[in-house]
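Q: Dropping a prediction and its sequence here:
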Amino acid sequence: MTHQPTLDEIRKAPKVLLHDHLDGGVRPQTIIDLARETGYDALPTTDVEELRTWFREASDSGSLERYLETFDHTVGVMQTRDALVRVAAECAEDLANDGVVYAEVRYAPELHTSEGLSLDEVVEAVLEGFKIGSEGRGIRVGALLTAMRHQARSMEIAELAVRYRDVGVAGFDIAGAEAGFPPTRHLDAFEYLQRENSHFTIHAGEGFGLPSIWQALQWCGADRLGHGVRIIDDIQVATDGTPKLGRLAAYVRDKRIPLEMCPTSNLQTGAATSLAEHPIGLLRRLYFRVTVHTDNRLMSDTSVSKEFANLVETFGYGWDDLQWFTVNAMKSAFIPFDERLALINGVIKPGFAQLKWQA
Ligand SMILES: O=c1[nH]cnc2c1ncn2[C@H]1C[C@H](O)[C@@H](CO)O1
Ligand SMILES: [Zn+2]
């Protein structure tokens, strides 16, 4: 009889992270250092532990819009080349220390130009940071360039993603408040990306329901869904437990559309009421292509290992489940097929096999 995986054991497992915001994962000490260096004077506190707690608590509002307000402070200190290099390098280090072997980390270049950096300079600084932070640490980190859905710069950001795709940018995303800002506002950018054979994911079905998911897939052509939790609204479970999938839910499952699920973040923004009731339980049971992520490690005080450990505790998952989530994520990455396969067969499966053998 094997025991349930513990947090320490999970940290040793080779993990894959596809949904993590660079400006949502800055170390509290770094925010304080950078605020001092760059003259940013709006931080709620300059005590490191108080700041850590402030982010977590301020993000617990139950509203996506209020949750997003906390980013003013991280974005506020990420306006210089040195700051971006440092934050990106530390991000890669922190993920490697958590046992992540492959990551796609996203951020919105347009939010980092208020002190005069160009979009290209922002992208180059972040890529340099990822390179410095991953060197010799057994991790590969690529970038996803995000456009903000309430702004009108998505075409420019899509072009930027295509320009940098062979040097570390894996794809494109849109984020920000969802209600009132449907993805079809950015249709020209998505159509351009499709013509360029590029990959993109869309935050959809987090702060708004099925119409947002439907547009993201059927109008915009998203390869993956950021969160996608509200797909649950298209699934009915009869009293005897038999599930009935509506047409959209069936499409998502049949086409193996990856769902980038971020359970702790969903509890904080009100997209789910408790972990036990989080749609991930049913979606995993129905074999949707579920993957597990952090969203914002600072705001949620989390890591991939912690997200996994919470799921183990709530749903009783074992090593096979955690490996399934991980292989699902690796299959869904925006890098070439042969490189995904090499990581699955050369790193992920042997790593989990060893942990299972020791358990
Ligand atoms: O969970 C999220 N939903 C929508 N937008 C988000 C989420 N987490 C972060 N963002 C926004 C705030 C960041 O400034 C931006 C780029 O990373 O993306
Ligand atoms: Zn997100």
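A: Yep, that arrived. Ligands and ions are numbered 1, 2, ... in the order given.

Q: which residue lies farthest from the center of this structure?
A: Asp240 (34.8 Å; C-alpha atoms, centre = their mean).

Q: Around ligand 1, which positions in the stretch 101-250 of the chain sit nearby?
A: For the stretch 101-250 of the chain, the residues in contact with ligand 1 (C-beta under 6 Å from any ligand atom) are 106-108, 111, 146, 175-176, 203, 206. From N, CA and C alone the C-beta is placed, and that goes for glycine too.

Q: For the residues you listed, name the two members farthest from one another.
A: Using C-beta to C-beta, these span at most 18.9 Å, a distance reached by Leu111 and Glu206.

Q: The two: who's more crowded?
A: The residue with more neighbours, out of Leu111 and Glu206, is Glu206; 28 against 20, by other C-beta atoms under 10 Å.

Q: I figured Tyr287 hits Arg253, correct?
A: Yes. Here Tyr287 reaches Arg253: they are 7.1 Å apart, a contact under C-beta atoms under 8 Å.

Q: Who has more neighbours out of these two?
A: Using other C-beta under 10 Å as the criterion, Tyr287 and Arg253 rank with Arg253 on top: 18 against 11.

Q: In which helix or strand does the more buried one reside?
A: Per DSSP states H and E, Arg253 falls inside helix 247-254.

Q: So what touches that helix?
A: Helix 247-254 is contacted from outside by 210, 213-214, 217, 225, 228, 231, 234-235, 245, 257, 259, 286-289, using C-beta atoms under 8 Å, 6 or more residues apart in numbering.

Q: can you do 6 Å?
A: Contact with helix 247-254 is made by 214, 231, 234-235, 288, as judged by C-beta atoms under 6 Å, 6 or more residues apart in numbering.

Q: buried set for that helix?
A: Buried residues in helix 247-254, counted by 16 or more other C-beta atoms under 10 Å: 248-249, 251-253.

Q: next structured bit after that helix?
A: Downstream of helix 247-254 (by DSSP H and E), the next one is strand 259-261.

Q: Okay, now the unreliable bits of this protein?
A: By pLDDT under 70, the low-scoring segments of the chain are 1-2.

Q: Let me see the ranges of the strands in it.
A: 15-21, 100-107, 140-148, 169-175, 201-204, 224-227, 235-237, 243-245, 259-261, 290-292 (DSSP state E).

Q: Dump the fifth one to CSV, keeping only the CA atoms.
A: Translated: strand 201-204. This file holds the C-alpha atoms of strand 201-204, laid out as CSV (Å, rounded to 0.1, in the frame of the first residue of the first chain):
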residue,chain,number,x,y,z
THR,A,201,-4.0,30.6,-25.4
ILE,A,202,-6.8,32.8,-24.2
HIS,A,203,-8.0,33.5,-20.6
ALA,A,204,-11.6,32.4,-20.9
